[in-house]
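Student: predicted model follows, preceded by the sequence.
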Amino acid sequence: ARDRQQREAFWMPFTANRQFKDNPRLLVAAEGVHYTTADGRRILDGQAGLWCVNAGHGRTRIADAVQRQMTELDFAPSFNMGHPLPFELANRLAEITPGDLNYSFFTNSGSESVDTALKIAIGYHRARGDGGRQRLIGRERGYHGVNFGGSSVGGIVGNRKQFGTLLPGIDHLPHTLNIKANAFTRGLPVEGGEELADGLERLIGLHDASTIAAVIVEPVAGSAGVLLPPKGYLRRLREICDRHGILLIFDEVITGYGRLGTPFAAHYFDVLPDIMTTAKGLTNGNVPMGAVFVRPHIYEAFMQGPESLIEFAHGYTYSGHPVACAAALATLDIYTEEGLLTRGAAMAPHLEDAAHGLRELPHVIDVRNLGLVAGIELEPRPGAPGARGFEVHRRCFDNGALVRYTGDIIALSPPLIINPTQIGELVDIVAAAIRDTA
Ligand code: PMP
């Protein structure tokens, strides 16, 4: 009974102890692309932890760096003084970030990166005497974490409904999935990107453009079920933002650090945002850390304030934490030496072919993919949306693969070290689960 109570005392809305009350599914070890469960089963990790363990599990190089750092300098305040590692890390990151997104601000999670980015956007305009720009624009079905700003610009209805209106002054663009004609597309949907992006012009028409600070989008929406932007969409958003002096923020918490086969999605789409948020893959998911990147003019404007050195504008106790920086530097070493930031491009055709092999299975209504991410959309059961997706997920786990599901969409985003044979195994397990699910 005590054991039971302890399990229930750990509070998280969707975790193992609520969905699997009598026999919680617990992972106790991990190595490469596999987890081991408490009952000794090996599970192929089809979701890179939670879209984060890009270099695979059990990387001793990161563990060693963390241990060394903890014994050498466990913590240093980031106010009034510093330590060398964030500077080193910022310089290393500037070598791989797109364009001149060369200034880093370190956080502890994706949610913090998003809230930081939104504040930077508003602060930037105000520093330029443009304080009327307070409105923010997100996207339907967008996910930007759970902090106040991120929840507000986020557009997944279920995530918001418990919290009322959240922040005022926010609108949501229509989502790309409204384009349905592109079912079973390999790579990017071709049609309709520009018209879809013109939804932004319509929102701007409703409010004065001079009241809008920023638009935030995930280049590929992950959490809502791998929603791909049609060709031309992001470029047109960029053009519209430029025309109206609105900042464009890419939330690359999932797409960053190699997921699409390029270091960042901005590289893949060849569209440069003004601000880019990251986390997850930055430290291979081993230690909590995020980073926000901005272009020089934004950095310079933002850093004009605060007026007094006694005040400070924004920062966390753990910004640039020495242990997190050490983990990130070791992770970047691995990414560079093993070519992982572009390996996804070589593996993508394998995932694409395997995933599209599922299209003839019962209830599969769409398959879509880009780089090392794929979404398999299932027809919802009448009156029970999400039940089929969950059942496929559960059967996969029982048969040796961990895959993410959102409602009736199965998402595959394996570690970037996965090989073609393992991709085949992963998709075979998904296929069997779909076949066995009524
Ligand atoms: N933005 C995006 C695009 C995400 O996918 C996530 C997490 N899945 C977040 C923000 C929030 O990150 P975290 O959970 O680390 O706060």
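Tutor: Here it is on my side, so go on. Residues are numbered from 1 along each chain as shown.

Student: any idea how far Gly407 lies from the ligand?
Tutor: 15 Å (Cβ to the nearest ligand atom, to the nearest Å). Quick note: C-beta positions are derived from backbone N, CA and C, even for glycine.

Student: I'd say that residue and Pro385 touch.
Tutor: Yes. Gly407 is within contact range of Pro385, at 6.0 Å (criterion: Cβ atoms under 8 Å).

Student: out of the two, which sits in the more crowded spot?
Tutor: Gly407 (18 against 11; other Cβ atoms under 10 Å).

Student: count of residues packed around the closest residue to the more buried one other than its chain neighbours?
Tutor: Sequence neighbours aside, Gly386 is the residue nearest to Gly407 in space, at 4.5 Å (criterion: Cβ to Cβ, 6 or more residues apart in numbering). Neighbour count for Gly386, taken as other Cβ under 10 Å: 16.

Student: against Arg259, how distant is Gly386?
Tutor: The span separating Gly386 from Arg259 equals 25 Å under the rule Cβ to Cβ, to the nearest Å.

Student: ok, now Leu200?
Tutor: Separation of Leu200 from Arg259 (Cβ to Cβ): 25 Å.

Student: with Asp428 instead?
Tutor: Distance, Asp428 to Arg259, by Cβ to Cβ: 22 Å.

Student: pLDDT score for the residue in the stretch 51-200 of the chain that the ligand sits nearest to?
Tutor: Residue nearest to the ligand within the stretch 51-200 of the chain: Gly110 (2.2 Å; Cβ to the nearest ligand atom). You'll see Gly110 listed with a pLDDT of 98.

Student: surely it meets Gly290?
Tutor: Yes. Between Gly110 and Gly290 there is a contact under Cβ under 8 Å: 5.6 Å.

Student: next, the contact list for the nearest residue to Arg139 once chain neighbours are set aside, please.
Tutor: Using Cβ to Cβ, 6+ apart and skipping residues adjacent in sequence, the residue nearest Arg139 is Leu173, 4.5 Å away. Residues counted as contacts of Leu173 (Cβ atoms under 8 Å, 6 or more residues apart in numbering) are Ile137, Gly138, Arg139, Glu140, Gly199, Leu200, Leu203, Val215, Val217.

Student: which of those residues fall within helices?
Tutor: Of the contacts of Leu173, the ones assigned to helices by DSSP state H are Gly199, Leu200, Leu203.

Student: closest one of those residues to Arg92?
Tutor: Set against Arg92, the nearest of those by Cβ to Cβ is Leu200 (34.3 Å).

Student: residues contacting the closest residue to the closest one other than its chain neighbours?
Tutor: Distances taken as Cβ to Cβ, 6+ apart place Ile240 nearest to Leu200, at 4.9 Å, with adjacent residues excluded. Ile240 makes contacts with Ala197, Asp198, Leu200, Glu201, Ile204, Ile246, as judged by Cβ under 8 Å, 6+ apart.

Student: repeat that for 10 Å
Tutor: Ala197, Asp198, Gly199, Leu200, Glu201, Leu203, Ile204, Ala209, Val215, Ile246, Leu248 (Cβ atoms under 10 Å, 6 or more residues apart in numbering).

Student: Three-state assignment for Ala213, please.
Tutor: Under DSSP: H, G, I helix; E, B strand; the rest coil, Ala213 falls in the strand class.

Student: wait, it sits on Ala127?
Tutor: No. Using Cβ atoms under 10 Å, Ala213 is not in contact with Ala127, being 11.9 Å away.

Student: pull out the buried positions in stretch 26-46.
Tutor: For stretch 26-46, the neighbour count (16 or more other Cβ atoms under 10 Å) marks Leu27, Ala30, Gly32, Val33, His34, Tyr35, Thr37, Ile43, Leu44, Asp45, Gly46 as buried.

Student: swap in stretch 341-348?
Tutor: In stretch 341-348, counting by 16+ other Cβ under 10 Å, buried: Leu341, Thr342, Arg343, Gly344, Met347, Ala348.
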